[in-house]
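A.B. asks: Just a sequence and a predicted model for now, questions to come.
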Amino acid sequence: MKNVKGDLKKLRCVGLALVGVLWAVTQLRVAGQQPLDPTPHLAVSDFPDEIKGDTDSDLVTVEGRNATALGEVVSLRGRVFNQNGTPVKNAVVEILQCDANGFPLPRLGQAGERSRFDRNFQGFGRCETDELGRFAFRTIKPVPSTDRSAPVIEVRVKVDNKDRLTTVLYLRDHPNNEKDPVFSAIRNLLDRELVQVEFLPDEKSNGGLVCEWDIVVGATPIQQIRGRPELGVATP
């Protein structure tokens, strides 16, 4: 008979080992002893270039409306670095996600879809990093959408007005992650760790959640194909 407890113990040990490796890598990064592992490039939906209304970093409130969005309110914050560990200032971080009912953000001309979308939720937001590379969003905890079983937040980063990174943020160990074609295609275990996060109780807010997540901008896929990864080190 298969030793289920033994298998679970092994899996738990592997998980703890990965956490230990990530902790060690973080310490080396802070000390500047090695290049940072770049946040992996992942396929995302088409980000809207034209949006009527609010596009700020607070997705939970919409200008002109008194009510707040449905869902669990979260603070998503972190920093943007280049692979040398230098904070990237004036980078533009954008996020895109469905509302608490799983409906994606309607695009221009989709009047029918807009009637179902939570009018008190922006669905899209952007934040420019400060001199320390910091960004912060107020949004909702992601839920599965009508066209995607894994709850995600899609992310785009622009530096000097050029797209430098698109990626996807997943809830750590969510059972639907493996059903997601983008996540299941990630073979590198470290890359999987870099795009999974936990939303923890925020001691500074009244019942809210918080997530700390740093972004490392590396070479774009085109630069990697051309064999010029050094171009991925953005000038802050």
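C.D. replies: Received the coordinates, thanks.

A.B. asks: Would you map the strands across this structure?
C.D. replies: Taking DSSP state E as the criterion, the chain carries its strands at 73-82, 92-96, 124-128, 134-140, 152-159, 162-171, 196-197, 200-201, 209-212, 215-217.

A.B. asks: and the second one, how far from the chain's centre?
C.D. replies: This points to strand 92-96. The chain centroid and the centroid of strand 92-96 are separated by 9 Å under Cα atoms, centre = their mean, to the nearest Å.

A.B. asks: Flag the shaky bits of this protein, pLDDT-wise.
C.D. replies: 1-33, 108-114, 221-236 (pLDDT under 70).

A.B. asks: Just want the most central residue of it.
C.D. replies: By Cα atoms, centre = their mean, the chain has its centre lying nearest to Leu169, at 3.4 Å.

A.B. asks: ok so, going back, and the strands of the chain as a markdown table, adding distance to Gly64?
C.D. replies: All C-beta spots, glycine's among them, are computed from the backbone N, C-alpha and C. Output for the strands of the chain, formatted as a markdown table (distance: least, Cβ to Cβ, whole Å):
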| stretch | distance to Gly64 |
| --- | --- |
| strand 73-82 | 20 |
| strand 92-96 | 21 |
| strand 124-128 | 16 |
| strand 134-140 | 17 |
| strand 152-159 | 24 |
| strand 162-171 | 28 |
| strand 196-197 | 31 |
| strand 200-201 | 31 |
| strand 209-212 | 26 |
| strand 215-217 | 31 |
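
A.B. asks: Go through those strands and name the closest to Pro104.
C.D. replies: Closest of the strands of the chain to Pro104 is strand 92-96, at 8.5 Å (criterion: Cβ to Cβ).

A.B. asks: in its sheet, what does the closest one sit against?
C.D. replies: Sheet pairing of strand 92-96 (DSSP bridges) gives strand 124-128 (antiparallel), strand 152-159 (antiparallel).

A.B. asks: Go through the shortest one and flag the buried ones.
C.D. replies: Spelled out, it's strand 124-128. Across strand 124-128, burial judged by 16 or more other Cβ atoms under 10 Å covers 124-127.

A.B. asks: Name the residues that touch that strand?
C.D. replies: The contact list for strand 124-128 (Cβ atoms under 8 Å, 6 or more residues apart in numbering) reads 47-48, 51, 54-59, 90-96, 105, 135-137, 139.

A.B. asks: now with 7 Å?
C.D. replies: With Cβ atoms under 7 Å, 6 or more residues apart in numbering as the test, strand 124-128 has contacts from 48, 51, 55-57, 59, 90, 92-96, 105, 135-137, 139.

A.B. asks: ditto for the longest one
C.D. replies: If you take Cβ under 7 Å, 6+ apart as the criterion, strand 152-159 is touched by 44-45, 47, 80, 88, 91-97, 142, 163-170, 215, 217, 234.

A.B. asks: which of those are buried?
C.D. replies: 44-45, 47, 80, 88, 91-97, 142, 164-170, 215, 217, 234.

A.B. asks: Surely Lys141 is in contact with Leu209?
C.D. replies: Yes. Counting by Cβ atoms under 7 Å, Lys141 touches Leu209, with 6.1 Å between them.

A.B. asks: Need the overlap of contacts for the two.
C.D. replies: Common contact partners of Lys141 and Leu209 (Cβ under 7 Å, 6+ apart): 72, 74, 199.

A.B. asks: And the closest residue to Asp173 other than its chain neighbours, how far from Arg187?
C.D. replies: Excluding its sequence neighbours, the residue lying closest to Asp173 (Cβ to Cβ, 6 or more residues apart in numbering) is Gln196, at 7.2 Å. Separation of Gln196 from Arg187 (Cβ to Cβ, to the nearest Å): 15 Å.

A.B. asks: Fine, thanks again, bye for now.
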